[in-house]
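Asks: give the three-dimensional model of this entry:
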Amino acid sequence: MTRFLLCLLMGLVALAARAQDSAPLFAASLRDIDNRRIAIADFRGQPLLVNFWARWCAPCRVEIPELSAIARTHGPKGLKVIGIGLEDNSPTVKDFVKAYEMDYLLLFAPAEGIALMRALGNERAGLPFTLAVDRNGRVVLHKLGPAARADLETAAAAALR
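Replies: Alright, predicted model coming up:
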């Protein structure tokens with residue numbers, strides 16, 4: 001039993017350490033809504049709120065207006081909100097972005113999004129998945145699953161500290 005608990009504890013420590021590693025995020029280069037390649041490394045040194053989403057994800061649809069509000073409220077303080085869609089930027093997606101008034105930076109990772117989430121500690125690759133990254137590039141908070149406005153405010157505050 002003691003051996004089992006020790007193995008479990010070591011696994012949790014490894015997961016926590018992996019979840020705090022932002023290197024895979026800053027190594028990513030993804031396409032924006034206009035199909036331009038954007039290197040996330042360009043945002044190193046800025047506090048970030050990164051949210052992985054998809055059109056077919058019902059909780060993601062609920063979060064989108066909250067993320068837009070966070071971007072409007074905390075953007076002037078230096079917070080950069082980045083949405084990473086797990087699909088391409090087709091005309092259907094562009095219509096969705098317009099309909100949901102997604103007014104923060106949107107990047108698309110149709111092929112590499114799942115691997116990127118897993119590299120950032122989301123082993124299940126579930127959606128939505130949100131990370132707060134501070135100015136030093138450390139993941140200071142992560143959440144798998146729906147985030148209420150209060151959760152997103154907490155994440156924004158953690159990134160801005």
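
Asks: kindly list the main-chain dihedrals of residue 60?
Replies: Residue 60 adopts backbone torsions of phi -60, psi -40, taken as degrees, to the nearest 10.

Asks: quickly list what the residue lying closest to it once chain neighbours are set aside is bridged to.
Replies: Excluding the flanking residues, the one nearest residue 60 by C-beta to C-beta, 6 or more residues apart in numbering is residue 53, at 3.9 Å. C-beta here means a position set from N, CA and C on the backbone, and glycine is covered the same way. Judged by DSSP bridges, the bridge partners of residue 53 are residue 85.

Asks: give me the residues contacting the helix or strand containing residue 70.
Replies: Assigned by DSSP states H and E, residue 70 belongs to helix 58-74. Residues outside helix 58-74 that contact it (C-beta atoms under 8 Å, 6 or more residues apart in numbering): 49, 51, 53-55, 79, 81, 83, 100-104, 127-128, 130, 145-149, 152-153, 156, 160.

Asks: what's the ChimeraX line that selects buried ones from those residues?
Replies: With 16 or more other C-beta atoms under 10 Å as the criterion, this ChimeraX line picks the buried residues out of these:
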select :49,51,53,54,79,81,83,100,102,104,127,128,130,146,147,152,153,156,160
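
Asks: just the ones of the contacts of helix 58-74 in strands?
Replies: Among those, the subset assigned to strands under DSSP state E consists of 49, 51, 53, 81, 83, 130.
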